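Trainee: I would like the atomic coordinates for the input below:
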Amino acid sequence: MHTPGQSTPNQRHYWQKNLRLTAWLMLVWTGVTFGVAFFARDLNFTFFGWPFSFWVGAQGALMVYVILIWFYARTMDKLDAAHSLGEE
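Mentor: Got it, this is the predicted structure:
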């Protein structure tokens with residue numbers, strides 16, 4: 001019997017997958033954010049008249065962030081559907 005405040009095995013499995021996905025995406029986010037800053041001097045060559053590190057920081061990192069958001073939303077939709085938690 002399920003009592004209020006107690007999670008079911010399905011809910012625990014869903015939450016574990018959600019946390020694992022979030023941890024991996026945060027690891028990628030951290031790598032992109034700090035990797036660009038850390039290696040900026042090594043990426044010092046001209047690209048369309050600007051330093052390449054500028055392009056990676058201004059455009060490349062933002063594209064990675066958008067891709068991370070898209071990937072999280074798509075994966076969570078699939079996870080919701082697999083656990084019968086999707087929106088109607």
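Trainee: Summarise which helices and strands the helix or strand harbouring Tyr14 is packed against.
Mentor: Assigning secondary structure by DSSP states H and E places Tyr14 in helix 9-38. Packing partners of helix 9-38 (3 or more Cβ pairs under 8 Å, 6 or more residues apart in numbering; DSSP states H and E): helix 61-82. Backbone N, C-alpha and C define where each C-beta goes, glycine included.
Trainee: so what's the most centrally placed residue in the chain closest to, chain neighbours aside?
Mentor: In the chain, the C-alpha closest to the average C-alpha coordinate belongs to Leu25, at a distance of 3.2 Å (Cα atoms, centre = their mean). Nearest residue to Leu25, sequence neighbours excluded (Cβ to Cβ, 6 or more residues apart in numbering): Leu68, at 5.3 Å.
Trainee: Looks like the one you found contacts Trp29 (just checking).
Mentor: Yes. Under the criterion of Cβ atoms under 8 Å, Leu68 is in contact with Trp29, at a separation of 6.1 Å.
Trainee: Just the residues contacting stretch 11-20, thanks.
Mentor: By Cβ atoms under 8 Å, 6 or more residues apart in numbering, the list of residues contacting stretch 11-20 from outside reads Ser7, Met76, Leu79, His83, Leu85.
Trainee: Just give the nearest non-adjacent residue to the third one, would you?
Mentor: When the adjacent residues along the chain are set aside, Leu79 lies closest to Lys17, with 5.8 Å between them (Cβ to Cβ, 6+ apart).
Trainee: what about that neighbour, how many neighbours?
Mentor: 15 (other Cβ atoms under 10 Å).
Trainee: Tell me the spacing between it and Ala82.
Mentor: When distances are taken as Cβ to Cβ, to the nearest Å, Lys17 and Ala82 turn out to be 9 Å apart.
Trainee: again, but for Gln6
Mentor: 22 Å.
Trainee: Which one's more surrounded, those two?
Mentor: Taking other Cβ under 10 Å, Gln6 and Ala82 do not tie; Ala82 has more neighbours (13 against 8).
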